[in-house]
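J.: Pasted the sequence and its predicted model underneath.
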Amino acid sequence: MRIPFDELESTLAEILLAKGFLPDDARACARLFAETTRDGVYTHGIARFPRFLQTISNGRVLPQAKPVQKFSAGALERWDGQRGPGNLNAQAMMSRAIVLAEAHGIGCVALANTNHWMRGGSYGWQAAEAGMVGICWTNTLPNLPAWGGQKPVLGNNPLVIAVPRSNDDDAHIVLDMAMSQFSFGTLEQYRRQGKLLPVDGGFDTAGKLTRDPAAIEASMRPLSIGYWKGSGLSLVLDMMAALLSGGLSTSQLPADPLQESGLSQVFIAINLAALQPAAESAAVADDILHFFSGEESQGIHIRYPGERVLADRAENLALGVPVDESLWNEILSML
């Protein structure tokens, strides 16, 4: 079924108000959830809203908590998220990194003691729409084995890199990727739809590579991107997040998704305007994309990271946001 975007946002905001959010925070948090689904990222939008409410009820997420600054050294800052809503904390920290980049050319904000940020790409788009290169990542609970191992000792630690283009059409490049070949939200989505993954996504309990999402969920052995390379990248992202923020590493986080809290995250903004006019930066990005998509003359469309978002956004604003009917009924029952 399709729900008008404004109705979707206002419904979520009404529920969050009842859960103890301040009015402005309820609207901002609801909008981030609704925008994620509007943009076609169905695994990390309102599909996660019921679980988010559970983490509020069990005390892992504190609705009115605000991040506080703990340390500042020019363009580098440390903040404590005080276990506030993860998406609001992340949005605030990228905003702060942008302010620092306007003053220093670059801004880096490390955040400890926060919660799941939901769709990491939201903060990449936020930076790109401000004309900034955006880089951010988070650690997670242990849910990814090291390459060659069987026990989850790494997080799938999503990484976001955004590059701005012309602000006329918002056609920015936004890479949003987990260190596992498929996020757990994607595994769940394929399982619910009764579909196999398009490529091998992990191991079954017998240690064989499989495209069966349910088998991967059962074994807790998703495949890291690039095999040993993704495993190594996950490790250093976790180390950097914990070291820069002074917060917890994956090894210190609860393994239960409903108890996952105290995450460490990093937000970096780079002010291209400090280096050259925006038109010059946009021209460089356009030239690279033109070369990247050169096979289109042969009828092959090569899609850059973030390209599909704009089409999904336009369609879902015009026709309504696609929502699973049972999920929507569950959400309505919370009013």
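T.: Noted; the coordinates are in hand.

J.: So the residue most central in space within the chain versus Val236, what's the distance?
T.: The centre of the chain sits closest to Gly120, judged by C-alpha atoms, centre = their mean, with a distance of 1.7 Å. Noted for Gly120: a distance of 17 Å to Val236, by C-beta to C-beta, to the nearest Å. Placement of C-beta: from N, CA and C, glycine included.

J.: hang on, isn't Arg119 packed against Gly45?
T.: Yes: here Arg119 reaches Gly45: they are 6.8 Å apart, a contact under C-beta atoms under 8 Å.

J.: Overlap in contacts, the two.
T.: Thr36 (C-beta atoms under 8 Å, 6 or more residues apart in numbering).

J.: The stretch 51-200 of the chain: helices as residue ranges?
T.: Ranges of helices in the stretch 51-200 of the chain, per DSSP state H, counting those that start in this stretch, are 86-104, 121-129, 184-192.

J.: what's next to the helix or strand following the last one, contact-wise?
T.: The first helix or strand that comes after helix 184-192 along the chain, using DSSP states H and E, is strand 202-203. Strand 202-203 is touched from outside by 180-182, 209-210, 215-216, 219, 221-223, with contacts defined as C-beta under 8 Å, 6+ apart.

J.: Now, those that are in strands?
T.: In strands, judged by DSSP state E, the following of the contacts of strand 202-203 are found: 209-210.

J.: pLDDT added to the contacts of strand 202-203, as JSON lines?
T.: Listed next are these as JSON lines, based on pLDDT from 0 to 100:
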{"residue": "Ser180", "pLDDT": "96"}
{"residue": "Gln181", "pLDDT": "95"}
{"residue": "Phe182", "pLDDT": "94"}
{"residue": "Leu209", "pLDDT": "95"}
{"residue": "Thr210", "pLDDT": "97"}
{"residue": "Ala215", "pLDDT": "96"}
{"residue": "Ile216", "pLDDT": "96"}
{"residue": "Ser219", "pLDDT": "94"}
{"residue": "Arg221", "pLDDT": "94"}
{"residue": "Pro222", "pLDDT": "95"}
{"residue": "Leu223", "pLDDT": "96"}
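
J.: Could I have the PyMOL command that selects the buried members from the contacts of strand 202-203?
T.: Typed into PyMOL, the line below selects the buried ones among these, using 16 or more other C-beta atoms under 10 Å:
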select buried, resi 180+181+182+210+215+216+219+221+222+223
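
J.: which among the contacts of strand 202-203 gets closest to Ala34?
T.: Nearest to Ala34 out of the contacts of strand 202-203 is Phe182 (C-beta to C-beta; 23.9 Å).
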